[in-house]
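[1] structure for the following, please:
(6 chains)
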Number of protein chains: 6
Amino acid sequence: MKVCRRETFNAAHRLHNPSLTDKQNTDLFDKCNNPNYHGHNYVLETFVDGPIDPITGYVIDLKILSDIIKDEVLEAFDHQNLNLDCPEFENLIPTAENIAVIIWNKLRLRLDAKFELEIRLWETDRNSVIYAGK
Amino acid sequence: MKVCRRETFNAAHRLHNPSLTDKQNTDLFDKCNNPNYHGHNYVLETFVDGPIDPITGYVIDLKILSDIIKDEVLEAFDHQNLNLDCPEFENLIPTAENIAVIIWNKLRLRLDAKFELEIRLWETDRNSVIYAGK
Amino acid sequence: MKVCRRETFNAAHRLHNPSLTDKQNTDLFDKCNNPNYHGHNYVLETFVDGPIDPITGYVIDLKILSDIIKDEVLEAFDHQNLNLDCPEFENLIPTAENIAVIIWNKLRLRLDAKFELEIRLWETDRNSVIYAGK
Amino acid sequence: MKVCRRETFNAAHRLHNPSLTDKQNTDLFDKCNNPNYHGHNYVLETFVDGPIDPITGYVIDLKILSDIIKDEVLEAFDHQNLNLDCPEFENLIPTAENIAVIIWNKLRLRLDAKFELEIRLWETDRNSVIYAGK
Amino acid sequence: MKVCRRETFNAAHRLHNPSLTDKQNTDLFDKCNNPNYHGHNYVLETFVDGPIDPITGYVIDLKILSDIIKDEVLEAFDHQNLNLDCPEFENLIPTAENIAVIIWNKLRLRLDAKFELEIRLWETDRNSVIYAGK
Amino acid sequence: MKVCRRETFNAAHRLHNPSLTDKQNTDLFDKCNNPNYHGHNYVLETFVDGPIDPITGYVIDLKILSDIIKDEVLEAFDHQNLNLDCPEFENLIPTAENIAVIIWNKLRLRLDAKFELEIRLWETDRNSVIYAGK
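    Predicted coordinates for the structure are as follows:
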């Protein structure tokens, strides 16, 4: 049984690889390379897979899962500039893919080992990524 | 090839485990333990996986699948109080997880063995569960 | 300039007019007359119309509006049985229309007279009502 | 890591199997058998699974994926009559299932072999199909 | 108090003005001029404005409104080719605007004069029209 | 007859009034005052009200309206930092309200005087503003 909690956060970012030339960065990331940043309303779906607890009828209390997501993800990224405010992206380009890896790693540490974890992160309603830790 | 049909139903429920004390129930289920019930607009996605029939171009006629869902799920749960009106939950806490197991079992009986079945049930647009029968 | 804040709450209710016979109630309200209640995820849009404050660039801080809605509406109705738990509906059928009137009256008392107020309340994604106080 | 791009197109179609009698077609396809066609706003989600490129932080640039989808799918099907304008359906009933197979095959040819491909095609917001090439 | 009911239908259409040349039609309607038609999932919101009936707590029973919409709109247009199957468009281009006028006129005849009527018709999730009869 | 076109853009911004102290700015704008900016996926609905042209069946060709919105709004704001990149906000706090005024003024100049104009701008799916020019 898999359960899913949806949360949202807003952040600024810029896609830029410092090991490339400015022209290479522009060619590669186009408008997403704007040095003054742009931003998104990120939507995060967190899927936790495990057995149903017969006492509660829950896999995991989604209120508890929501609190973990707020602690680990919203506290870190909501209303932040991912490039400037978040040490996680000091040496990592904050693409949706890389943000998803970071989020997955943060949540994995907080969940019991009996659970499998998968996340889906939307950058816009047209672009999203899915990550299950491997 | 997997096909999916979305249906909706509205129901009241209460989360309460009679083997726990009132305090334990309140600690565990919080507002969902309200003795007078609360309710949801449930959204049910039913995924059926199987081969395409070369005569029809369908895996399964979604009109037929919709009728099965209406017979088995909407007839049983729509505009009902899951705790009081539905024998399925006489001894089972109607969490989204347990409702999903009951729905999956009902639909499984009505589908040809050649099909694999998975369902996703949303309790709210932030909380959902996914079940594939094991 | 009109600003809008969306909030959600879940509640159980039953449509029943005690001055009618049981048969009249069933004919009129059909499945919504279930004596054991059913429920909904209500979605509430609150529109506040007024001038932009030149200091803040806001009509009204939506965080403040959200807090007012939480105080007046979610505190009163979320995870409640509208018929049994909410004195507002002791002598009033909790149709979407009547719930909207009650909510509008509650919010009107909390907003400065310079603002015009309109609300939209969805009972399901197919049924909604709009009320502006007259 | 799986990435997903959502695109939309509008098309007319008719479900009809020329090897069946008119009555069989009507029994089978009902309103979808209308000889004058009807139509849909199709929504296509394209999932591409592969490793993150350390230079770009992307699995695949979604702008490039979007261009491939526009070339292969929107160019071929948007604002078309699938039965009359599209040779792909000259001998194939344009059910959502069969359209998904055709789209998957078109996209597969344009993607590097290192990527796995899955698509989800919605015919309406209630009916969708998922295909991963086998 | 305004109430709203959402319904959907699917249809094929072609935008073409027979009093213009083929080139003028192509310049004007572009891909929507395809002689073989294309199609849409139309979404119709019907707003009815009137007083709350104190007996029912309803402005109008949305089940009754839904039945009227099904009779007048879905029966006429769902799974049809608007140009070929629907006499309403024999001499009228089936743009969203003109479809909305036709629908509004049909619904107006079926509603009590005490009600005001407004409709919103989506052709796609990006394009919609709103009509209140004048 | 009112027609509506939906477009989207992504931008970074910061809410800050330079005539207030830092403490006043933090008290007022809270997380939105982050000096390193945050961002949003803005959704813009543009409503144009006017008569139906009997030649085209359109109020205004939504392709033309979309091009005007792209020229005036997306070209100016998409993937930009509203505070740093956009002269419109050099002396104006980029709240949703103020962005809506700027957008309305830009679009008003490009539309024939016979049309009335209204816009709705979503900053998130919970917060939006509506402006009709006065």
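
[2] as a check, name the ranges of all helices in chain A.
    Remark: helices of chain A, listed N- to C-terminal, are A:22-29, A:62-69, A:75-77, A:82-85, A:96-110; assignment by DSSP state H.

[3] which of those sits closest to E:Asp53?
    Taking C-beta to C-beta, helix A:62-69 is the member of the helices of chain A nearest to E:Asp53, at 39.6 Å. Placement of C-beta: from N, CA and C, glycine included.

[4] buried ones in that closest one?
    A:Leu62, A:Leu65, A:Ser66, A:Ile68, A:Ile69 (16 or more other C-beta atoms under 10 Å in any protein chain shown).

[5] not counting sequence-adjacent ones, nearest residue to A:Ile68?
    Excluding its sequence neighbours, the residue lying closest to A:Ile68 (C-beta to C-beta, 6 or more residues apart in numbering or on different chains) is A:Arg110, at 4.9 Å.

[6] A:Asp85 reaches F:Pro35, doesn't it?
    No. Taking contact to mean C-beta atoms under 8 Å, the distance of 9.5 Å between A:Asp85 and F:Pro35 leaves them out of contact.

[7] more neighbours: which of those two?
    Remark: of A:Asp85 and F:Pro35, A:Asp85 carries more neighbours, 19 against 11, as counted by other C-beta atoms under 10 Å in any protein chain shown.

[8] what sits closest to the more buried one if chain neighbours are left out?
    With C-beta to C-beta, 6+ apart, the residue lying closest to A:Asp85 is F:Asn36, at 5.4 Å.

[9] so who does the one you found touch?
    When the contact criterion is C-beta atoms under 8 Å, 6 or more residues apart in numbering or on different chains, the partners of F:Asn36 are A:Ala12, A:Gln80, A:Asn81, A:Leu84, A:Asp85, F:Arg14.

[10] how about the residues of chain A by chain D?
    Proximity of chain A to chain D, by C-beta under 8 Å from any C-beta of the partner chain, involves residues A:15, A:17, A:19-20, A:28-30, A:92-98, A:100-101, A:125-131.

[11] tell me, which of these make contact with chain F?
    Restricting these to those within reach of chain F (C-beta under 8 Å from any C-beta) leaves A:Asp125.

[12] now the residues of chain A next to chain D: which count as buried?
    By neighbour count, with 16+ other C-beta under 10 Å, the residues of chain A next to chain D hold A:15, A:17, A:20, A:28-29, A:92-98, A:100-101, A:126-131 as buried.

[13] chain B contacts on chain A?
    Within chain A, the residues that sit near chain B (C-beta under 8 Å from any C-beta) are A:1-7, A:47, A:52, A:55-59, A:61-63, A:66.

[14] can you give me the end-to-end distance of stretch A:110-124?
    Length of stretch A:110-124, first residue to last, C-alpha to C-alpha, to the nearest Å: 27 Å.

[15] ok, the closest residue to A:Tyr58 other than its chain neighbours to D:Asn10 distance?
    In space, and not counting its chain neighbours, A:Tyr58 is closest to B:Thr95: 5.7 Å by C-beta to C-beta, 6+ apart. Note on B:Thr95: its distance to D:Asn10, by C-beta to C-beta, to the nearest Å, is 40 Å.

[16] who touches the residue in chain A that chain E sits nearest to in this structure?
    Here the residue of chain A nearest chain E is A:Asp125; by C-beta to the nearest C-beta that distance is 9.7 Å. Residues counted as contacts of A:Asp125 (C-beta under 8 Å, 6+ apart) are D:Arg6, F:Thr8, F:Asn41.

[17] what about the strands in chain A?
    The residue ranges that make up the strands of chain A, judged by DSSP state E, are A:2-13, A:38-49, A:80-81, A:116-122, A:127-131.

[18] just name the most buried of the ones you listed.
    Neighbour counts averaged per stretch over the strands of chain A are highest for strand A:80-81, at a mean of 24; criterion: mean count of other C-beta atoms under 10 Å in any protein chain shown.

[19] run me through the strand neighbours of that one, direction for each.
    Using DSSP bridges, strand A:80-81 pairs in its sheet with strand A:2-13 (parallel).

[20] for the partner strand, output the C-alpha coordinates as PDB.
    Output in PDB follows, covering the C-alpha atoms of strand A:2-13 (Å, rounded to 0.1, in the frame of the first residue of the first chain):
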ATOM      1  CA  LYS A   2       1.400   3.400  -1.100                       C
ATOM      2  CA  VAL A   3       0.200   6.600   0.500                       C
ATOM      3  CA  CYS A   4       0.900  10.100  -1.000                       C
ATOM      4  CA  ARG A   5       1.000  13.600   0.500                       C
ATOM      5  CA  ARG A   6       1.100  16.700  -1.700                       C
ATOM      6  CA  GLU A   7       2.800  19.900  -0.400                       C
ATOM      7  CA  THR A   8       3.900  23.000  -2.200                       C
ATOM      8  CA  PHE A   9       6.700  25.600  -1.900                       C
ATOM      9  CA  ASN A  10       7.900  28.700  -3.800                       C
ATOM     10  CA  ALA A  11      11.500  29.400  -4.600                       C
ATOM     11  CA  ALA A  12      13.800  31.300  -6.900                       C
ATOM     12  CA  HIS A  13      16.600  29.600  -8.800                       C
END
